[in-house]
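>>> Build the 3D model from these lines:
(2 chains)
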2 protein chains.
Amino acid sequence: MDYIKAFAPATVANVACGFDIFGFAVDEPGDVVELRRREQPGIVITDILGDEGRLPRDPARNAVTVVMLRLLDHLKMPDFGCEVLLHKNMPLGSGMGSSAASAVAGVFALNELLGQPLTRKQLLPFAIEGERIACGSAHADNVGPSLMGGFVVIRSYQPLDVFSIPVPAELYCTLVHPDIEVNTKDARFILRNEVSLKNAISQMGNVAGLIAGLMQEDYALISRSMVDVIIEPVRAILIPEFNEVKQAAMEQGALGCSISGAGPSMFTLSKGKETAERVGQAMKETFALAGIDSVTHVSAINQGGPRVLESW
Amino acid sequence: MDYIKAFAPATVANVACGFDIFGFAVDEPGDVVELRRREQPGIVITDILGDEGRLPRDPARNAVTVVMLRLLDHLKMPDFGCEVLLHKNMPLGSGMGSSAASAVAGVFALNELLGQPLTRKQLLPFAIEGERIACGSAHADNVGPSLMGGFVVIRSYQPLDVFSIPVPAELYCTLVHPDIEVNTKDARFILRNEVSLKNAISQMGNVAGLIAGLMQEDYALISRSMVDVIIEPVRAILIPEFNEVKQAAMEQGALGCSISGAGPSMFTLSKGKETAERVGQAMKETFALAGIDSVTHVSAINQGGPRVLESW
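Got it, this is the predicted structure:
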């Protein structure tokens, strides 16, 4: 194989109650990477489309190529060479797992190009490295679902212990990205280092309820469990109109609504595509009333993770 | 029906990572209550066997009769009369849900005697009242599983939201009760009111892992998830030889080992009865080495909750 074009999905991390431990992938949007072998050793970024020139072109500092370099290092292939073209199909700092999608697309595409020397799960530590370059900390709640697809739980970071659970077929996600920017580091900085035991117990109950609800296809239980008493009340202040937009979503029948990752994107889960679309419309209109433009995406829960779009 | 004899199971609350939200019932031990209708109105306790005279005989102060009085009040049956005989088959303050088993046996038996005016789930708030009388706080993590059987999650207390999840058929519990006493109020008093966000995240990961592990019959995941970084490190100091006994259990193949409820009983989950028995023997021997007598119970996870033993 000399050329590969691959897609990796955007993701919703935290999923209301599961701060740092839950994430799921969506069918769209997602980043696309093109790799083309070249004779000379080394990885070069030929172009990045859609980032408005904001991402580093230095392969040692860009999430998509950092993971590729780590993988080549691991495979002891210093002489491998390829050109990288990255299509950013979602905004940076959006809370939709932008850097994770790039890192996963890069490491997945390279592994395919090399004939799959590693399994999907073995690629995870490399993708996490890319996240560290982009965000400053090695989180797995975006790269995990982007790489594995579906709904993913990070049970533990040390040692890394990640697993997937099935989700109901009729579950749809609405992602709404308002045209404002929240820095992930800021969003983390404003969190308290301590939580009350009472709130920790509430959150644990909702974590248990969401897992059981998803596995038992109990939409009512999913809905009751999509409550975050720890993170959302703090981070919501970074998103203008958060409460109004959430209320609009719930009034249109969303099962739950919270912040996607560190924000400012908001997400909902709904039963059925029609409800998810109606919910998205209401959210967009509510942002618009406050003069904030937004982009909405309605999609099923992605089940396969990254995929090859083209290769030869 | 003029007479009923009913059994309600002991329970393990918290189950390592699920403080105040998880509990499961065991097949033995359990309390037995006998109710006999009488002509005169009012509930009287004719005798309590096995409590060494420590439980109140006043029906307004005993967990078993308090719940019955509340139920009669709810049903507007002030003229109903019956005699109550309670067989305590487990020690008080043992961490095995002693008061919950009595309360559940009482309210279940009375509901049967009256021809099941309420469903099993509708009885829960009454049983919780009994727990409040006995422990000072209205917890559901013992009465929930004792009443419903199986593995129970208390997702929320306000409003009360309780559900059951399936467990693998080969899952066995070993309960070991050392001959020391821990007051539930003390065990709660020593807990900190705040936990670190880091520990809350760890615990949430384990909560998610235990639910998924039980539902997917993934014994390895169950084992990895039976970790409590919040409560056990604090309460373990109340149980002499805790670390040694836990180590002995794990060396014999237990999936996990922690404190049952507020202690001092310890519990393990194992795959298969044989392992559970070997684990119990090792735990008992380890306590004995330190001069502490103990009683062990090996049992499958109870699936039915309370049951009628005899009636006419």
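
>>> burial measure for the residue lying closest to A:Phe80 once chain neighbours are set aside, as a count.
Spatially, and ignoring its direct neighbours in sequence, A:Phe80 is nearest to A:Leu72 (5.4 Å; Cβ to Cβ, 6 or more residues apart in numbering or on different chains). Heads up, the C-betas are built off the backbone N, CA and C, glycines and all. Neighbourhood size, A:Leu72 [other Cβ atoms under 10 Å in any protein chain shown]: 20.

>>> Sort out which residues of the helix or strand containing A:Leu72 are buried, please.
Taking DSSP states H and E as the criterion, A:Leu72 maps to helix A:63-74. Of the residues in helix A:63-74, A:63-72 count as buried by neighbour count, 16 or more other Cβ atoms under 10 Å in any protein chain shown.

>>> Which other helices and strands does it contact?
The helices and strands touching helix A:63-74, judged by 3 or more Cβ pairs under 8 Å, 6 or more residues apart in numbering or on different chains; DSSP states H and E, are strand A:42-49, strand A:81-87, helix A:98-113, helix A:124-135.

>>> Only alpha carbons, please: show it as PDB.
Extracted C-alpha coordinates of helix A:63-74, given in PDB (Å, rounded to 0.1, in the frame of the first residue of the first chain):
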ATOM      1  CA  ALA A  63      -0.900  15.600  17.300                       C
ATOM      2  CA  VAL A  64      -1.500  13.700  14.000                       C
ATOM      3  CA  THR A  65       2.200  13.200  13.300                       C
ATOM      4  CA  VAL A  66       3.500  12.900  16.900                       C
ATOM      5  CA  VAL A  67       1.500   9.600  17.200                       C
ATOM      6  CA  MET A  68       2.900   8.400  13.900                       C
ATOM      7  CA  LEU A  69       6.400   9.100  15.000                       C
ATOM      8  CA  ARG A  70       5.900   7.200  18.300                       C
ATOM      9  CA  LEU A  71       4.500   4.300  16.400                       C
ATOM     10  CA  LEU A  72       7.400   4.200  14.000                       C
ATOM     11  CA  ASP A  73       9.800   4.500  16.900                       C
ATOM     12  CA  HIS A  74       8.100   1.500  18.600                       C
END
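
>>> what angle do that helix and helix A:124-135 make?
Relative orientation of helix A:63-74 and helix A:124-135, computed by axes from the mean of the first three to the mean of the last three Cα atoms, to 10 degrees: 140 degrees.

>>> how far does helix A:63-74 sit from the chain's center?
19 Å (Cα atoms, centre = their mean, to the nearest Å).

>>> And the contacts of that helix?
With contacts defined as Cβ atoms under 8 Å, 6 or more residues apart in numbering or on different chains, helix A:63-74 is touched by A:31, A:33, A:43, A:45, A:59-60, A:78, A:80, A:82, A:84, A:86, A:99-100, A:102-103, A:105-107, A:110-111, A:118, A:123, A:126-127, A:129-131, A:133-134.

>>> can you list the residues of chain A near chain B?
Within chain A, the positions lying close to chain B (Cβ under 8 Å from any Cβ of the partner chain) are A:17-22, A:153-156, A:161, A:163, A:165, A:191-198, A:200-209, A:211-212, A:215-216, A:221, A:224-225, A:230.

>>> Strands of the stretch 201-312 of chain A, residue ranges please.
Counting by DSSP state E, counting those that start in this stretch, one finds strands in the stretch 201-312 of chain A at the ranges A:256-259, A:266-271, A:294-300, A:307-311.

>>> Out of those, which is the most enclosed?
strand A:266-271 (a mean of 27; mean count of other Cβ atoms under 10 Å in any protein chain shown).

>>> picking up where we left off before, show me the one of the strands of the stretch 201-312 of chain A that comes nearest B:Leu289.
Across those, B:Leu289 has its closest neighbour in strand A:256-259 (51.5 Å, Cβ to Cβ).

>>> C-alpha coordinates for that closest one, PDB please?
Provided in PDB are the C-alpha atoms of strand A:256-259 (Å, rounded to 0.1, in the frame of the first residue of the first chain):
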ATOM      1  CA  GLY A 256     -30.300  14.500  28.600                       C
ATOM      2  CA  CYS A 257     -28.100  17.400  27.700                       C
ATOM      3  CA  SER A 258     -24.700  18.500  29.000                       C
ATOM      4  CA  ILE A 259     -21.300  19.800  27.900                       C
END
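
>>> Which positions within stretch A:278-293 qualify as buried?
Result for stretch A:278-293 [16+ other Cβ under 10 Å]: buried residues A:278-284, A:286-287, A:292.

>>> again, but for stretch A:122-132
Applying a neighbour-count criterion of 16+ other Cβ under 10 Å, one finds A:123-131 buried in stretch A:122-132.

>>> Look up how far chain B lies from A:Gln281.
Distance, A:Gln281 to chain B, using Cβ to the nearest Cβ, to the nearest Å: 31 Å.

>>> what sits against that residue?
Residues in contact with A:Gln281 (Cβ under 8 Å, 6+ apart) are A:252, A:296.

>>> do the same with A:Lys284
When contacts are counted by Cβ under 8 Å, 6+ apart, A:Lys284 touches A:176, A:294, A:296.

>>> quick one: A:Ala109 from A:Thr119, how far?
15 Å (Cβ to Cβ, to the nearest Å).

>>> partners of the closest residue to A:Met283 other than its chain neighbours in the sheet?
In this structure, A:Met283 finds its nearest non-sequential neighbour in A:Val176, 4.6 Å apart by Cβ to Cβ, 6+ apart. With DSSP bridges applied, A:Val176 shows beta-bridge pairing to A:Met266, A:Thr296.

>>> Buried residues of stretch A:210-220, list them for me.
By neighbour count with 16+ other Cβ under 10 Å, stretch A:210-220 contains the buried residues A:210-216, A:218-219.

>>> Can you check the distance spanned by it, start to finish?
For stretch A:210-220, the first-to-last residue distance is 10 Å (Cα to Cα, to the nearest Å).

>>> chain center to that stretch, what's the gap?
On Cα atoms, centre = their mean, the centre of stretch A:210-220 falls 21 Å from that of its chain.

>>> Stretch A:32-45 now?
Distance of stretch A:32-45 from the chain centroid (Cα atoms, centre = their mean) equals 25 Å.

>>> Stretch A:258-278 now?
Stretch A:258-278 has its C-alpha centroid displaced from the chain centroid by 13 Å (Cα atoms, centre = their mean).

>>> coming back round to it: burial measure for the residue nearest to A:Met283, as a count.
By the measure other Cβ under 10 Å, the count of residues near A:Val176 is 26.

>>> give the contact list for it.
Applying Cβ under 8 Å, 6+ apart to A:Val176 gives the contacts A:245, A:265-267, A:280, A:283-284, A:287, A:294-297.

>>> what about A:Asn89, distance to chain B?
Distance, A:Asn89 to chain B, by Cβ to the nearest Cβ: 30 Å.

>>> mind checking which helix or strand the nearest residue to that residue once chain neighbours are set aside is in?
Residue nearest to A:Asn89 in three dimensions, not counting chain neighbours: A:Pro29, with 4.6 Å by Cβ to Cβ, 6+ apart. Per DSSP H and E: A:Pro29 is located in strand A:22-37.

>>> what packs against that strand?
Using 3+ Cβ pairs under 8 Å, 6+ apart: strand A:22-37 touches strand A:3-13, strand A:81-87, helix A:98-113, helix A:143-148, strand A:151-156, strand A:171-178, strand A:294-300.

>>> From the contact counts, what lies against the third one?
Helices and strands in packing contact with helix A:98-113 are listed as strand A:3-13, strand A:22-37, helix A:63-74, strand A:81-87, helix A:124-135, helix A:143-148, strand A:307-311; criterion 3+ Cβ pairs under 8 Å, 6+ apart.
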